[in-house]
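Asker: When you get a sec, could you give me coordinates for this:
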Amino acid sequence: MKLTDMTMEGFLKALSKTKTLVVPYGTVEAHGTHLPLSTDTLIMEEIVKKVAEEIPVIVAPPVHYGVCTSTGEHPGSIGISCDTLRAITVDLVQDAYDRGLRNFILISGHGGGAHVAAMKEAGEELTKELPDVVITALTVYELIPKEAYELVETKNDSHAGEVETSLVLFLAEELVNGRAPEEYPNMPRPIIVKDKQKFWPGAVWGNPEKATKEKGEKVFNMLVAEVVKLVKKVEEFKQ
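Answerer: All right, here's what the predicted structure looks like:
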């Protein structure tokens, strides 16, 4: 059930069926020369849309901007701060809680460390403050099953690589512009550098050439199944 398509009466009817709100998080972020800036949001929106077809949940519109640390200097990346993401998350959940929702699946298509940490910090704060609330805050890739890794040919695949390219090929092939070359970041850790693009020029972490639509469909269905399991776990949990 899509929140933004509901009327006031429709929302009240939906509350009689579920107290669970799924909030997809994404980014406007560089994903190589071949994937759209909306890659994280696109993937996450489509996953939660499919989840809502399989189990009664209310799906919120996406939080489309995120914390872009390593890709913040790349062309097209437009991000927000950790403080802003925490504040947005707290405000959204608090207001939805006041409308009668009690279970919150905060789930991101972007796996950046600072981004996910901000979501989890907000979740910790909200869990302390709100009675009878159950919250998850995570990236969808934390749920990826072992079977998915058996499909992936690229060792240490990640951002805009084999998996994400496969998913976008399956979900919106028309948005895939060829293939960027295989690349991996070369950050001089633990040093925090100002010019991250110098050490990761193409914003690709993996090998997009290994991507296929068939792999994308299989990984997509696996992730949908894992999110459905997560929803059930949250709805059964009592604080």
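Asker: For Y149, give me the pLDDT.
Answerer: If you check Y149, the pLDDT there is 86.
Asker: All the helices of the protein, residue numbers only.
Answerer: When secondary structure is read from DSSP state H, the chain shows helices at 8-15, 39-54, 82-98, 113-129, 146-151, 162-172, 196-199, 213-236.
Asker: any idea which of those is most buried?
Answerer: Scoring those by mean neighbour count under mean count of other CB atoms under 10 Å gives helix 162-172 as the most buried, with a mean of 24. (Glycine included, C-beta is placed from N, CA and C.)
Asker: Name the residues that touch it?
Answerer: Outside helix 162-172, the residues that touch it by CB atoms under 8 Å, 6 or more residues apart in numbering are 31, 34-36, 39, 42-43, 46, 148, 152-154, 157, 175-176, 179, 206-208, 210-217, 219-220.
Asker: ok, D157 touching N207?
Answerer: Yes - contact status for D157 versus N207: in contact at 7.1 Å, counting by CB atoms under 8 Å.
Asker: Phi, psi for N177 please.
Answerer: Backbone geometry at N177, expressed as degrees, to the nearest 10, gives phi -100, psi 80.
Asker: How many neighbouring residues does it have?
Answerer: N177: 11 surrounding residues under other CB atoms under 10 Å.
Asker: which ones are touching the closest residue to it other than its chain neighbours?
Answerer: For N177, ignoring the flanking residues on the chain, the nearest one in space by CB to CB, 6 or more residues apart in numbering is H34 at 4.8 Å. Taking CB under 8 Å, 6+ apart, we find H34 in contact with A160, T165, V176, N177, G178, R179, A180, P208.
Asker: Buried residues, stretch 13-26. List them.
Answerer: In terms of neighbour count (16 or more other CB atoms under 10 Å), stretch 13-26 has its buried residues at A14, T18, K19, T20, L21, V22, V23, P24, Y25, G26.
Asker: so which of those residues comes closest to G76?
Answerer: The shortest separation between G76 and any of the buried residues of stretch 13-26 is 13.7 Å, and it belongs to G26 (by CB to CB).
Asker: Contact partners for the closest one?
Answerer: Shown here is G26, whose contacts under the criterion CB under 8 Å, 6+ apart are 38, 40-45, 62-64, 66, 108-110.
Asker: Model confidence at it, what's the number?
Answerer: 98.
Asker: So for it, what's the nearest residue that isn't a sequence neighbour?
Answerer: The shortest distance from G26 to any non-neighbouring residue, by CB to CB, 6+ apart, is to T41 (2.6 Å).
Asker: now H31
Answerer: Closest residue to H31 apart from its sequence neighbours, by CB to CB, 6+ apart: A160 at 4.0 Å.
Asker: ok, that neighbour touching P36?
Answerer: No - using CB under 8 Å, A160 and P36 do not qualify as a contacting pair, with a distance of 10.3 Å.
Asker: what sits up against stretch 91-98?
Answerer: Applying CB under 8 Å, 6+ apart, the external contacts of stretch 91-98 come out as L21, V23, A60, V63, F104, L106, A122, L126, E129, L130, V133, I135.
Asker: where does the nearest residue to the second one once chain neighbours are set aside fall, phi/psi-wise?
Answerer: The reference is to V23. Nearest non-adjacent residue to V23, counting by CB to CB, 6+ apart: A60, 4.5 Å away. With angles defined as degrees, to the nearest 10, A60 shows backbone torsions of phi -80, psi 160.
Asker: what residues are up against A60?
Answerer: For A60, the contact set (CB under 8 Å, 6+ apart) comprises L3, T4, L21, V22, V23, P24, L92, A96.
Asker: looking at the helices of the chain, which has the lowest confidence?
Answerer: Considering the helices of the chain one by one, the lowest average pLDDT is found for helix 146-151, at a mean of 90.
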